[in-house]
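Asker: here is my input; please provide its structure:
(one chain, ligands or ions: 2)
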Amino acid sequence: MKFKALAIDIDGTITDMDRRLNLRAAEKLRALDVPVVLATGNVLCYARAASKLIGVCCRIIAENGGVVTDGFDREPIVSDHIHECEEAFSFLSQVLHMEKLDSSLRKTEIVLRRDFDIDAARALLETTGLDVEIIDTHFAIHIKSRKINKGTGIAKMAELMGLEVSDFVAIGDSVNDIEMLDAAGFAIAVGNADNVAKGIADYVTSTTYGDGTAEAIDYLLSEGML
Ligand SMILES: O=C(O)COP(=O)(O)O
Ligand SMILES: [Mg+2]
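Answerer: Ligands and ions are numbered 1, 2, ... in the order given. All right, here's what the predicted structure looks like:
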């Protein structure tokens, strides 16, 4: 089966564990004939700059699906779930010390410094009835709406591009990629991915991080899938 687009995670999938870009993966992405969508938990301006520098500008799913844009100078579609996340943050921070990161740039969810007890925070959150979750991608801890994820993001992007979600191959590494991997027509997890991401993937690379993505692209091209 030939797919029409590729949606790919950033941290841990085209970078190493220190978030340094894998140049081989970047070159292979740039050389593809199909559109490449960057799908990330990072904020829009970060992902936009990354897509420009990689040379796959500028279809972006940012903030774990909260922000979606299909062009460099397009107004992004921004979900309005920040209020629930703020409510959760105010409740939790009465009990636990919590510090927001990059909050002036983040429009739809909250990222926290890794210096609090996540299990305690999750247990407290359960008592609120808010439709909000705390996820840890290994790169950042997010308070986010359960209604928004990279799966809803890829659905929105498919609509903007006039494609079906099943037209996409998706590649990722972590819990925040699950819904996107689940929705895509073909799902790939890089070798360093969480077991839950590997579990739903159609293909798991033998190599890790950006080398895994380079391997995945070689595989897709050799099978005539892209
Ligand atoms: O923002 C994060 O937590 C991780 O970013 P990613 O989705 O690009 O891996
Ligand atoms: Mg990742």
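Asker: what residues does the chain have near ligand 1?
Answerer: 9-12, 40-42, 137, 139-140, 174, 176 (Cβ under 6 Å from any ligand atom). (Each C-beta comes from the backbone N, C-alpha and C, glycine too.)
Asker: now list the buried members of those.
Answerer: Buried members of the residues of the chain next to ligand 1, scored by 16 or more other Cβ atoms under 10 Å, are 9-12, 40-42, 137, 139-140, 174, 176.
Asker: which stretches of the protein form helices?
Answerer: Assigned by DSSP state H, the helices in the chain fall at 23-30, 44-54, 82-93, 118-126, 150-161, 178-183, 195-200, 209-222.
Asker: okay, the ones you listed in JSON lines with distance to Phe168 and mean neighbour count next?
Answerer: Below are the helices of the chain laid out as JSON lines (distance: least, Cβ to Cβ, whole Å; neighbours: other Cβ atoms under 10 Å):
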{"stretch": "helix 23-30", "distance to Phe168": "14", "mean neighbour count": "17"}
{"stretch": "helix 44-54", "distance to Phe168": "16", "mean neighbour count": "18"}
{"stretch": "helix 82-93", "distance to Phe168": "27", "mean neighbour count": "18"}
{"stretch": "helix 118-126", "distance to Phe168": "31", "mean neighbour count": "14"}
{"stretch": "helix 150-161", "distance to Phe168": "6", "mean neighbour count": "22"}
{"stretch": "helix 178-183", "distance to Phe168": "8", "mean neighbour count": "24"}
{"stretch": "helix 195-200", "distance to Phe168": "15", "mean neighbour count": "16"}
{"stretch": "helix 209-222", "distance to Phe168": "12", "mean neighbour count": "20"}
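Asker: which among those is found nearest to Ile61?
Answerer: Counting by Cβ to Cβ, Ile61 lies closest to helix 150-161 out of those; the figure is 3.6 Å.
Asker: what packs against that closest one?
Answerer: Counting contacts by 3 or more Cβ pairs under 8 Å, 6 or more residues apart in numbering; DSSP states H and E, helix 150-161 packs against strand 5-8, strand 36-39, strand 59-62, strand 67-69, strand 168-172, helix 178-183.
Asker: what pairs with the third one, and is each one parallel or antiparallel?
Answerer: When pairs are called by DSSP bridges, strand 59-62 turns out to pair with strand 36-39 (parallel), strand 67-69 (antiparallel).
Asker: and the ones you listed as CSV, adding distance to Pro76, mean neighbour count and mean pLDDT?
Answerer: As requested, those are exported to CSV (distance: least, Cβ to Cβ, whole Å; neighbours: other Cβ atoms under 10 Å; pLDDT from 0 to 100):
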stretch, distance to Pro76, mean neighbour count, mean pLDDT
strand 36-39, 13, 26, 98
strand 67-69, 4, 24, 98
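Asker: out of those, nearest to Ser145?
Answerer: Smallest distance to Ser145 across those (Cβ to Cβ): 12.6 Å, for strand 67-69.
Asker: any idea how far the closest one is from the middle of the chain?
Answerer: Distance of strand 67-69 from its chain centroid, counting by Cα atoms, centre = their mean, to the nearest Å, is 12 Å.
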